[in-house]
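Undergrad: Have a look; sequence and predicted model below, questions after that.
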Amino acid sequence: MSLKQTITAFEALDDAYVTGEKVKSLFTENEQVEVKVQTVNGEGGSTDFIQIRIKGTTGKSSGGNAPTLGVVGRLGGIGARPSRIGLVSDGDGAIAAVASALKLADMVQKGDQLAGDVIIATHICPDAPTLPHDPVDFMDSPVDILTMNKYEVSDEMDAILSIDTTKGNRVINHKGIAISPTVKEGYILRVSEDLLRIMEMTTGQYPVTFPITTQDITPYGNDVYHVNSILQPSVATDAPVVGVAVTAQSMVPGCGTGASHEIDIAQAVRYAVEVAKEFTNGTCNFHDQGEFDRLEKLYGSMKVLQTAGNQTANQ
């Protein structure tokens, strides 16, 4: 059950005065849990990046070799004050990330420590700007995407789940959660069978996936359309990345309030926790490494899609 942690995170973040330090205070003293907060200033204001490491019994931080899972709560901001009052829809990724960390920390206290480390990262900004976008407005961020990736994506992560509200589109017409194909080094790979299996188990329903395009896996700032920032972590790592979208049947703007549904966010939390259990234990693969190697031999590297590309195109 992850609903308790989801509600705790929801109530903590639905606060005009919330900071990274306030979120850090949710975690009781535990030598197996490390929480770091860093305030970063940008052109649009400031935000508090928070990284929570839940140590595994044979995790790398303890000298072991169990794989490390990264969970990134991706968003522009949890609030758009003063133009919007209260928590905005875009904040679901942060809620899910914090709630996942709370659940994993609680499991450690109760004797259920995972094999490998889990690193959870997100940022806390209650007064982010908004950004015009078709078909509905986005939440913007006080810092740019390169800064987000710097503080949220770590070389220690062997695979990454990127959780993001993905409601401002006509592509996904399902309320709950959906996962993307795996993205690795500029390649869009097949949807992981293990991740589909875990989704069936945690939701009790058929798995739901969503389509992504080449545009979606390129860095922001290149003047092409992106469904949102859910796959932006993939431009900053060689590790496989999968998007976990918190979704809706209708189109909901990222700056909309009263649009966060605790049950849907709790589904994302439960999914992230179960993936963490299996991935760090070696029973869940995000991709087929042999097939990826074959693709690179046949077609070469696609890492150019992780870069700003040919700058002469802007001339």
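TA: Right, received. Where do you want to start?
Undergrad: Could you report the separation of the residue positioned nearest the centre of the chain from residue 245?
TA: The residue lying closest to the centre of the chain (CA atoms, centre = their mean) is residue 162, at 2.5 Å. Per CB to CB, to the nearest Å, residue 162 is found 9 Å from residue 245. C-beta coordinates here come from the backbone N, C-alpha and C atoms, glycine included.
Undergrad: coming back round to it: quick one: contacts for the residue nearest to the centre of the chain?
TA: Residues near residue 162 by CB atoms under 8 Å, 6 or more residues apart in numbering: 72, 74, 93, 230, 231, 232, 233, 234, 241, 242, 243, 244.
Undergrad: Try it again at 6 Å.
TA: Residues in contact with residue 162 (CB atoms under 6 Å, 6 or more residues apart in numbering) are 72, 74, 230, 233, 241, 243.
Undergrad: Quick check: of the residues you listed, which lies closest to residue 108?
TA: Distances from residue 108 to the contacts of residue 162, taken as CB to CB, are shortest for residue 72 (20.6 Å).
Undergrad: and that closest one, what helix or strand is that in?
TA: Assigned by DSSP states H and E, residue 72 falls within strand 69-73.
Undergrad: Please save the CA atoms from the next helix or strand after that strand in CSV.
TA: Of the helices and strands lying after strand 69-73 in sequence (DSSP H and E), the nearest is helix 92-109. Written as CSV, here are the backbone C-alpha positions of helix 92-109 (Å, rounded to 0.1, in the frame of the first residue of the first chain):
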residue,chain,number,x,y,z
ASP,A,92,2.3,14.9,-9.8
GLY,A,93,5.9,13.8,-10.7
ALA,A,94,7.3,15.4,-7.5
ILE,A,95,4.6,13.9,-5.4
ALA,A,96,5.2,10.5,-6.8
ALA,A,97,8.9,10.8,-6.3
VAL,A,98,8.7,11.9,-2.7
ALA,A,99,6.0,9.3,-1.9
SER,A,100,8.2,6.6,-3.5
ALA,A,101,11.1,7.6,-1.3
LEU,A,102,8.8,7.7,1.8
LYS,A,103,7.6,4.2,1.0
LEU,A,104,11.0,2.7,0.4
ALA,A,105,12.3,4.4,3.6
ASP,A,106,9.4,3.0,5.6
MET,A,107,10.2,-0.5,4.2
VAL,A,108,13.8,-0.2,5.3
GLN,A,109,12.6,0.6,8.9
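Undergrad: Could you list the buried residues of helix 92-109?
TA: Across helix 92-109, burial judged by 16 or more other CB atoms under 10 Å covers 92-108.
Undergrad: List the contacts of it.
TA: Identification of contacts with helix 92-109 by CB under 6 Å, 6+ apart yields 2, 5-6, 9-10, 13, 27, 32-33, 52, 54, 71, 73-75, 78, 118, 120, 122, 163-165, 246, 260, 265, 268-269, 272-273.
Undergrad: swap the cut-off to 7 Å and go again
TA: Helix 92-109 is contacted by residues 2, 5-6, 8-10, 13, 23, 26-27, 30, 32-33, 52, 54, 71-75, 78, 118, 120, 122, 124, 163-165, 246, 260, 265, 268-269, 272-273, 276 when judged by CB atoms under 7 Å, 6 or more residues apart in numbering.
Undergrad: wait, residue 169 sits on residue 225?
TA: No: between residue 169 and residue 225 there is no contact under CB atoms under 7 Å: 10.5 Å.
Undergrad: Which of those two has more residues huddled nearby?
TA: residue 169 (19 against 9; other CB atoms under 10 Å).
Undergrad: okay, and for the stretch 1-150 of the chain, where does confidence drop off?
TA: 136 (pLDDT under 70).
Undergrad: can you map out the strands along it?
TA: 33-42, 45-54, 69-73, 118-124, 130-131, 138-139 (DSSP state E, counting those that start in this stretch).
Undergrad: what's the closest of those strands to residue 289?
TA: Short answer: strand 69-73, nearest of these by CB to CB, at 16.5 Å.
Undergrad: Show me what counts as buried in the lengthiest helix in the chain.
TA: Secondary structure assigned by DSSP state H gives helix 262-281 as the longest helix of the chain. Buried residues in helix 262-281, counted by 16+ other CB under 10 Å: 264-280.
Undergrad: Over to stretch 14-28?
TA: 14, 15, 18, 19, 20, 23, 26, 27.
Undergrad: just checking, which of those belong to helices?
TA: Reading helices off the buried residues of stretch 14-28 with DSSP H, I get 20, 23.
Undergrad: Greatest separation within the buried residues of stretch 14-28: which pair is it?
TA: The largest distance within the buried residues of stretch 14-28, taken as CB to CB, falls between 14 and 27 and amounts to 18.5 Å.
Undergrad: quick revisit: among the contacts of residue 162, which one lies nearest to residue 179?
TA: Set against residue 179, the nearest of those by CB to CB is residue 243 (6.7 Å).
Undergrad: tell me which residues form a beta bridge with the closest one?
TA: residue 162 (DSSP bridges).
Undergrad: who touches it in this structure?
TA: By CB under 7 Å, 6+ apart, residue 243 lies in contact with 162, 164, 179, 180, 230, 231.
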